[in-house]
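# The amino acid sequence is not available; the structure is as follows:
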């Protein structure tokens, strides 16, 4: 299975991209433009995409790489909390807690449920 990072970056949404850009010192328009430039260049590889997007936007590669990291992090959180992956994790949590409760007691089951929530970002 291959991961199309350009689709991942573009799936985040403009508001989330703007918030990520704000964290690295970019305004909304700059952030969206940089992510679009990154998405268009991902086929060339990570480093080439960062260099090309930085040149196009007139920014340092460090800023572009930081924005890419933030947006990728948001996309990962979104994937783990929404859609089929989030649903699958949610369906796994309850049976695992019940099994732990049956084998080890309720206290351990609650700890296991809390651990899984922290690990997968589900509350």
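Happy to help now that I have it. Everything numeric in this text was worked out from a predicted model, so none of it was measured.
# Look at residue 75 and say how many residues are nearby.
20 (other Cβ atoms under 10 Å). Every C-beta, even on glycine, is put in place using the N, C-alpha and C of the backbone.
# secondary structure element for it?
helix 61-81 (DSSP states H and E).
# Below-threshold pLDDT in the protein: ranges please.
Filtered on pLDDT under 70, the chain yields the residue ranges 1-6, 8, 10, 83-123.
# cutoff 50 now
1-2, 103-110, 112, 122-123 (pLDDT under 50).
# At which residues are the helices of it located?
Counting by DSSP state H, the chain has helices at residues 5-10, 14-23, 28-41, 46-57, 61-81, 83-104, 106-120.
# Which other helices and strands does the third one contact?
If you count contacts as 3 or more Cβ pairs under 8 Å, 6 or more residues apart in numbering; DSSP states H and E, helix 28-41 packs onto helix 5-10, helix 14-23, helix 46-57, helix 61-81.
# Pop the domain breakdown of the protein in here.
Here the domain assignment for the chain is 5-79, 83-120, based on automatic domain parsing.
# doesn't residue 49 make contact with residue 65?
No. Contact criterion Cβ atoms under 8 Å: residue 65 and residue 49 do not qualify, at 9.7 Å.
# quick one: which of the two has more around it?
residue 49 (23 against 19).
# Could you tell me which residues make contact with the closest residue to that one other than its chain neighbours?
With Cβ to Cβ, 6 or more residues apart in numbering as the criterion, residue 49 has its nearest non-adjacent residue at 3.8 Å, and that residue is residue 41. Residue 41 makes contacts with 48-49, 52-53, as judged by Cβ atoms under 8 Å, 6 or more residues apart in numbering.
# Kindly recompute the last result at 10 Å.
Counting by Cβ atoms under 10 Å, 6 or more residues apart in numbering, residue 41 touches 6, 48-53, 56.
# tell me which of the residues you listed is nearest to residue 69?
Nearest to residue 69 among the contacts of residue 41 is residue 50, at 10.2 Å by Cβ to Cβ.
# Report the separation between that closest one and residue 81.
Using Cβ to Cβ, to the nearest Å, we find residue 50 at a distance of 27 Å from residue 81.
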